[in-house]
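Student: here is a sequence with its predicted model. Questions after.
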Amino acid sequence: MTNLPGLVVTGASGRMGQMLMRTIQDSDKCRLVGAVERKGHDWVGRDVGECMGGAPMGVIVSDDPLETFAHAQGVIDFTAPAATVEFAAIAAQARVVHVIGTTGMSADDLGKINAAARHAVVVRAGNMSLGVNLLVQLTKKVAAALDEDFDIEVIEAHHNKKVDAPSGTALMLGEAAAEGRGVSLENVSDRGRDGITGARERGHIGFTAIRGGDIVGEHDVLFAAAGERVILRHVATDRAVFARGALKAALWGLGQKPGEYDMMDVLGL
Ligand SMILES: NC(=O)C1=CN([C@@H]2O[C@H](COP(=O)(O)OP(=O)(O)OC[C@H]3O[C@@H](n4cnc5c(N)ncnc54)[C@H](OP(=O)(O)O)[C@@H]3O)[C@@H](O)[C@H]2O)C=CC1
Ligand SMILES: O=C(O)C1=N[C@H](C(=O)O)C[C@H](O)C1
């Protein structure tokens, strides 16, 4: 039991933090050895199991990431961009696998994560589910097969607490569509249409974000032409799909050389 790889969860009190800790607790391939929250959070110093309203899990929430990471083999991090950049430097210092699910990162943030990946294994993906990663591959294929007579629109829906748009998944799907078309997404991306926008530009890829209630995560890639439409869809109904993917990524990362990887590497897609 104690020889199992030890994992730390950051953002322990968050929607994904709690789901990740429960998933690790139920796994026979790894064990939870640490949980991190920000300084001043009311979970710090308390047992995570009790914080989640259940039985004690024997892990005390810490606000000291370096000390916590030093006792683990991997860190699973679904928090916020500023926190993730900080955790990447600390994970690199501790030489532990850093699995990053956080979305909404800037180019500058991504550059810092890339620098950290020179010293440690980083696995980063805007969506860790098997289904979405398959959808990414399908999107690339369909976009390559259908010409610009088919307008591509990525439509995503999430819960009303989500802070970034378009979602990380929508951006992955947009990148895949652009790659399939042999274009750069930044040259063809249409975001946030409002007012007199003019007619849609041929070859562009549009994004629409819906926010409401407790929607876990839904993504459509629409290919619309005169007289027909192709729609690729993924619907997540349970955050466990992201947590299971993240665990898989952490365990896979233990055997890799330092560098930045994604779920395609983990899943062999
Ligand atoms: N890649 C994937 O498969 C998925 C990615 N996500 C992404 O994961 C991220 C988190 O989502 P979700 O769990 O819903 O969000 P929540 O807001 O529920 O959780 C985020 C957690 O991170 C904590 N946090 C923020 N800053 C710090 C810090 N400096 N130190 C320690 N903890 C910190 C927050 O604490 P506090 O409340 O104190 O701010 C909170 O507990 C988002 O970017 C989301 O898009 C979500 C699902 C799947
Ligand atoms: O914030 C969320 O909840 C989710 N975020 C990820 C994203 O931005 O795509 C993944 C998933 O859709 C849930």
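Tutor: Done, it's in. Residues are numbered from 1 along each chain as shown. Ligands and ions are numbered 1, 2, ... in the order given.
Student: count the neighbours of the residue of the chain found nearest ligand 1 for me.
Tutor: When C-beta to the nearest ligand atom is the measure, the chain has its nearest residue to ligand 1 at Gly14, with 2.2 Å between them. Just so you know, the C-beta spots here come from the backbone N, C-alpha and C atoms, and that holds for glycine as well. One way to gauge burial is a neighbour count; for Gly14, by other C-beta atoms under 10 Å, it gives 16.
Student: pretty sure it sits against Ile76.
Tutor: No. Applying C-beta atoms under 8 Å, one finds Gly14 not in contact with Ile76, separated by 11.4 Å.
Student: got the residues of the stretch 51-200 of the chain near ligand 1?
Tutor: 78-80, 83, 101-104, 125-128, 168 (C-beta under 6 Å from any ligand atom).
Student: at 5 Å instead, please
Tutor: Contact residues, the stretch 51-200 of the chain versus ligand 1 (C-beta under 5 Å from any ligand atom): 78-80, 83, 101-103, 127-128.
Student: what is the most widely separated pair among the residues you listed?
Tutor: Across those, no pair lies farther apart than Ala83 and Asn127, at 19.2 Å, counting by C-beta to C-beta.
Student: may I have the beta-bridge partners of the residue in the stretch 101-250 of the chain positioned nearest to ligand 2?
Tutor: Of all residues in the stretch 101-250 of the chain, Gly217 sits closest to ligand 2, with a separation of 2.9 Å (C-beta to the nearest ligand atom). Beta-bridge pairing of Gly217, defined through DSSP bridges, involves Ala236.
Student: wait, it touches Arg211, no?
Tutor: No. If you go by C-beta under 8 Å, Gly217 and Arg211 don't touch, sitting 11.5 Å apart.
Student: now do the residue of the stretch 101-250 of the chain closest to ligand 2 against Ala224, distance only.
Tutor: For Gly217, the distance to Ala224 under the criterion C-beta to C-beta, to the nearest Å works out to 22 Å.
Student: ok, now Glu148?
Tutor: Glu148 sits at a distance of 12 Å from Ala224 (criterion: C-beta to C-beta).
Student: does ligand 2 have contacts with stretch 135-155?
Tutor: No. For a cut-off given as C-beta under 5 Å from any ligand atom, stretch 135-155 has no contacts with ligand 2; the smallest distance is 10.9 Å.
Student: which residue lies farthest from the center of this structure?
Tutor: Of all residues in the chain, the one whose C-alpha sits farthest from the chain's mean C-alpha position, using C-alpha atoms, centre = their mean, is Gly227 at 35.6 Å.
Student: re earlier: need the residues touching each of Gly217 and Arg211.
Tutor: With C-beta atoms under 8 Å, 6 or more residues apart in numbering applied, the overlap between the contact sets of Gly217 and Arg211 consists of 157-158.
Student: so for those two, which residue has more residues nearby?
Tutor: In terms of neighbours (other C-beta under 10 Å), Gly217 is the more surrounded of Gly217 and Arg211; the figures are 24 against 14.
Student: domain map for this structure?
Tutor: Recorded structural domains for the chain (assignment: the TED database) are 6-124+239-267, 130-236.
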